[in-house]
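1. have a look at this prediction, sequence included:
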Amino acid sequence: MAQYRVVSGSVALITIQNPPVNALRAAVREGLFNTIKRASSDPQVRSVVLSGHNGTFCGGADIKEFGNVSLPGPHLVEIFQLMEDLVKPVVAAIEGFALGGGLELALACHYRIGHSKAKVGFPEVNLGLFPGAGGSQRLPRLVGVPAALDIIITGRHVAAGEALKLGLLDRVIDQNTVDAAVTFSKIQKCTSPPISGKPLDNHRLGNRPCPPLENMDAFFEEAMKRVHSRARGAVAPITCVQAVRGAATLPFHKGMELEKMLLGTLFNSAQAQASQYCFFAERAGARWSMPSGARWDTCKAKPISTAAVIGLGTMGRGITVALARAGLSVVAVETQEHQLAEAQRAVSRMLKGGGRVSYSPDLQAAAEVDLVVEAVFEDMAIKEKIFKQLSEVCKPGTLLTTNTSTLDIDRLASCTRDPQLVVGMHFFAPAHIMRLLEVVYGPRSSPEAVATAMQLGKRMGKVSVAVGNCTGFVGNRMLKPYLEQANFLLEEGATPELVDAALEEFGFPMGVFKMSDLSGLDVGWRVRKEEGLTGPGVTAGQPMRIRHGRRYSPLGDLMCEEGRYGQKTGSGWYLYDKPGGRVARSDPWLRNFLEQYRARHGLVARRISQQEVLERCLYALINEGFRVLEDGIAASPQNIDAIYVFGYSWPKHRGGPMFYASQVGLARVLEGLNHYHQAHPDVPHLEPCSLLRRLVASGSPPINKWSEVVKGHRSQL
Ligand SMILES: CCCCCCCC/C=C\C=C\CC(=O)SCCNC(=O)CCNC(=O)[C@H](O)C(C)(C)COP(=O)(O)OP(=O)(O)OC[C@H]1O[C@@H](n2cnc3c(N)ncnc32)[C@H](O)[C@@H]1OP(=O)(O)O
């Protein structure tokens, strides 16, 4: 766990060994504690080098241990103090990552030497925590308050070059870091004889004052204001500011006491648990499986080096950029010439001149590529035609994928020569930025095709989740009842402002109506027309607010008929200063429109609380999530949560919808749904699904045990 060797005659080389990231689990902490003591008392040893096994310094505390109320083994704070107090120089040799507790460990050393490719950082804020083992107190003393606060609040990875400039690293080298650290440690020994402890005092960060900061009060006030406006209800970023302020204003030991107190408020909090759950949910998608039994560890991906993107609207452009950035050579195809020229300019701008992209108005240009992503707009007839053509044009073995967000993958596959080579690759706008990729398999998609799309997702830096084929797949299928409830609430008396405020207070970056305005109301309108819910496909004589015997809100359709598509037309649920404008303002026209609509349909507006908004929108979405699990469309609640956190900006500190349901309590969610379904019996999405009932009947097991209840219960879609 921590290997001890004496090298070069007098240097104790301590190597942390806990693959894959050398996390500081109890046995490692024990090993570190013992080896530091040994180095201290070993008369042969004049200096110490600390390194990590296999090219990674240390990925921090072991997150898997965090559920444990009393962490076993020596505490990190104690180990780091022991190290800092050592009278022999200690040098951290940093290769790969030094993150979280790993960077705190390096800060407790007297010197830090990093490889040029090393990265350091404090990602704790992403786990609902802050650097609570001395990091919040030592880093500001080393690099100053503004730089330290930035690193701690953003959780970003700092590259070695920047770390050197900040003074976080003493040296950056390209050669063997451990060898360089050993040599360096011996020089320290020579320049500071005798090694009495005193010459090292300036390298003990706990002994140093924080570099002074002008206008400190104003600086922290401003920082706190910024954090409050961006944190969306997350507590950890606020605590980061409080802890760093402590470093700037208190002696080290007092700052450490404050740090301990603040960490105590976060450590077992619901937000920390939710954020840490998200860390593992993000990685769970990589271990995908299909109902056939095919799995991530038994299926090989095809090598992909060339790709074509068909259709260069907003999505197609973003996908082109994402593929090019992943190192693929991309052919971008758009049959409309003016759109092609505009797309070429936009893609070049986004790629800043980099990437290998060629452009063509002709589908024939896709003849030799390994993979195609079709990204034309949501019209089944057009997509079918394109898939048929691609099947004829492309070389045998080319993977044909579609970016459709709702349509049937199997129907598209059936237009091709090789349906097993067809999968969905559902990107989220903007496609070169949003992390989520839904990889959709139809009943005929081969495991190799799924493995290839998943592998490509990884290359693009996406969180990829394999899901089954149904209308809307996982994300959009669950979104439908959420949007539906929001519209019903408007009919019943709410305003877009009221609904959005409730959802933004919950932690979404924007409420449902602002989000709809941003993505374009016409997108859903087109889908509803395809589904025969509005437009010429509707059976004559149907009441406006009923479809297929269920309550239906035509509000979105009416808005589109008025030409109000959202931001792009300058008006939607809100008013914008111009088409393409971003700042939403309340629109008196809409208030009037809603009043007239209610009057026309005999609806009496009532007062609606934020709690009702949240419960109806979120419980309806969660209920559909349980149906998705029941139908086997998603393999696990973790996969659903990853989809919502990385594709729909569900607040990470709430852990995703299914985790949120488990935190609220399944019985309470069930009770809420029952209550609202009784009030709205014509809304099937509010009727609690049988999996939720069964889970509650089984005593509401924790989320990692749901699969046992799901297993016996899966419907065969
Ligand atoms: C009342 C108060 C009590 C207080 C007592 C508590 C005192 C606590 C004191 C200190 C707290 C310290 C805080 C921390 O250090 S928190 C951890 C901070 N570190 C991180 O957040 C880093 C997380 N890891 C990563 O970002 C990446 O893994 C990275 C290191 C960048 C490597 O990326 P990559 O190469 O892509 O590999 P993977 O992400 O796929 O990871 C490989 C597997 O390793 C698992 N993993 C990674 N990091 C950790 C970790 N820190 N702990 C446990 N497990 C970790 C990861 O899940 C992968 O596993 P699998 O393959 O099974 O999916």
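-> Sure, I can see it.
2. apart from its chain neighbours, what residue comes closest to residue 530?
-> Spatially, and ignoring its direct neighbours in sequence, residue 530 is nearest to residue 380 (6.6 Å; Cβ to Cβ, 6 or more residues apart in numbering). Bear in mind the C-beta positions are built from the backbone N, C-alpha and C, glycine included.
3. report the contact partners of the residue in the stretch 101-250 of the chain that the ligand sits nearest to.
-> At 3.3 Å from the ligand, residue 101 is the closest residue in the stretch 101-250 of the chain, using Cβ to the nearest ligand atom. By Cβ atoms under 8 Å, 6 or more residues apart in numbering, the contact set of residue 101 is 24, 58, 60, 61, 76, 131, 133, 135.
4. gap between residue 53 and the ligand?
-> 14 Å (Cβ to the nearest ligand atom, to the nearest Å).
5. OK, contacts around the residue nearest to residue 530?
-> Listed by Cβ under 8 Å, 6+ apart, the contact partners of residue 380 are 407, 408, 411, 530.
6. what do you get for residue 138?
-> Here residue 138 is in contact with 104, 107, 108, 205, 206 (Cβ under 8 Å, 6+ apart).
7. buried sites along the helix or strand of the chain with the lowest mean pLDDT?
-> Among the helices and strands of the chain, helix 177-191 carries the lowest confidence by mean pLDDT, DSSP states H and E, at a mean of 85. Within helix 177-191, the residues that count as buried by 16 or more other Cβ atoms under 10 Å are 177, 178, 180, 181, 182, 184, 185, 186, 188, 189.
8. around the closest residue in space to residue 295 that isn't next to it in sequence, how many other residues sit close by?
-> Nearest in space to residue 295, with sequence neighbours left out and distances taken as Cβ to Cβ, 6+ apart, is residue 289 at 4.5 Å. Look at residue 289: counted by other Cβ atoms under 10 Å, it has 17 neighbours.
9. got it, and residue 168?
-> Residue 168: 25 neighbours (other Cβ under 10 Å).
10. give me the distance between the closest residue to it other than its chain neighbours and residue 262.
-> Leaving aside its chain neighbours, residue 168 sits nearest to residue 143 (5.5 Å; criterion: Cβ to Cβ, 6+ apart). For residue 143, the distance to residue 262 (Cβ to Cβ, to the nearest Å) stands at 20 Å.
11. what's the pLDDT at residue 456?
-> The score at residue 456 is 98. That number is its pLDDT.
12. ugh, wrong one, residue 406
-> Looking at residue 406, its pLDDT reads 88.
13. then the one 5 residues further on?
-> In the prediction, the pLDDT value recorded for residue 411 is 96.
14. hang on, it is in a helix, isn't it?
-> Yes: applying DSSP: H, G, I helix; E, B strand; the rest coil, one finds residue 411 inside a helix.
15. residue ranges of the helices in the stretch 351-500 of the chain, please?
-> 380-393, 409-413, 447-459, 475-492, 496-506 (DSSP state H, counting those that start in this stretch).
16. can I get these in a markdown table with distance to residue 126?
-> Below are the helices of the stretch 351-500 of the chain laid out as a markdown table (distance: least, Cβ to Cβ, whole Å):
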| stretch | distance to residue 126 |
| --- | --- |
| helix 380-393 | 38 |
| helix 409-413 | 33 |
| helix 447-459 | 20 |
| helix 475-492 | 22 |
| helix 496-506 | 19 |
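17. closest one to the ligand among those helices?
-> The nearest among the helices of the stretch 351-500 of the chain, by Cβ to the nearest ligand atom, is helix 447-459 at 9.3 Å.
18. work out the gap between that closest one and the centre of the chain.
-> 19 Å (Cα atoms, centre = their mean, to the nearest Å).
19. got the CA positions of that helix in PDB?
-> Provided in PDB are the C-alpha atoms of helix 447-459 (Å, rounded to 0.1, in the frame of the first residue of the first chain):
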ATOM      1  CA  PRO A 447     -23.400  -5.800 -29.900                       C
ATOM      2  CA  GLU A 448     -20.400  -4.800 -32.000                       C
ATOM      3  CA  ALA A 449     -22.300  -1.800 -33.300                       C
ATOM      4  CA  VAL A 450     -23.200  -0.800 -29.800                       C
ATOM      5  CA  ALA A 451     -19.600  -1.300 -28.500                       C
ATOM      6  CA  THR A 452     -18.300   0.800 -31.400                       C
ATOM      7  CA  ALA A 453     -20.700   3.700 -30.700                       C
ATOM      8  CA  MET A 454     -19.900   3.500 -26.900                       C
ATOM      9  CA  GLN A 455     -16.200   3.500 -27.600                       C
ATOM     10  CA  LEU A 456     -16.600   6.500 -30.000                       C
ATOM     11  CA  GLY A 457     -18.500   8.300 -27.300                       C
ATOM     12  CA  LYS A 458     -15.600   7.800 -24.900                       C
ATOM     13  CA  ARG A 459     -13.200   9.100 -27.500                       C
END
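20. what is that helix packed up against?
-> Counting contacts by 3 or more Cβ pairs under 8 Å, 6 or more residues apart in numbering; DSSP states H and E, helix 447-459 packs against strand 399-402, strand 422-427, strand 436-441, strand 463-468.
21. any residues of the stretch 201-350 of the chain in contact with the ligand? List them.
-> Residues of the stretch 201-350 of the chain lying close to the ligand (Cβ under 6 Å from any ligand atom) are 263, 264, 267, 283.
22. what's around the residue nearest to residue 154 when sequence neighbours are not counted, how many residues?
-> Distances taken as Cβ to Cβ, 6+ apart place residue 125 nearest to residue 154, at 7.5 Å, with adjacent residues excluded. By other Cβ under 10 Å, the residues close to residue 125 number 22.
23. next one: residue 125, what pLDDT does it get?
-> On the pLDDT scale, residue 125 gets 98.
24. that older thread, quick one: the residue of the stretch 101-250 of the chain closest to the ligand from residue 685, how far?
-> 44 Å.
25. ends of stretch 511-527, how far apart?
-> Terminal residues of stretch 511-527 are spaced 21 Å apart (Cα to Cα, to the nearest Å).
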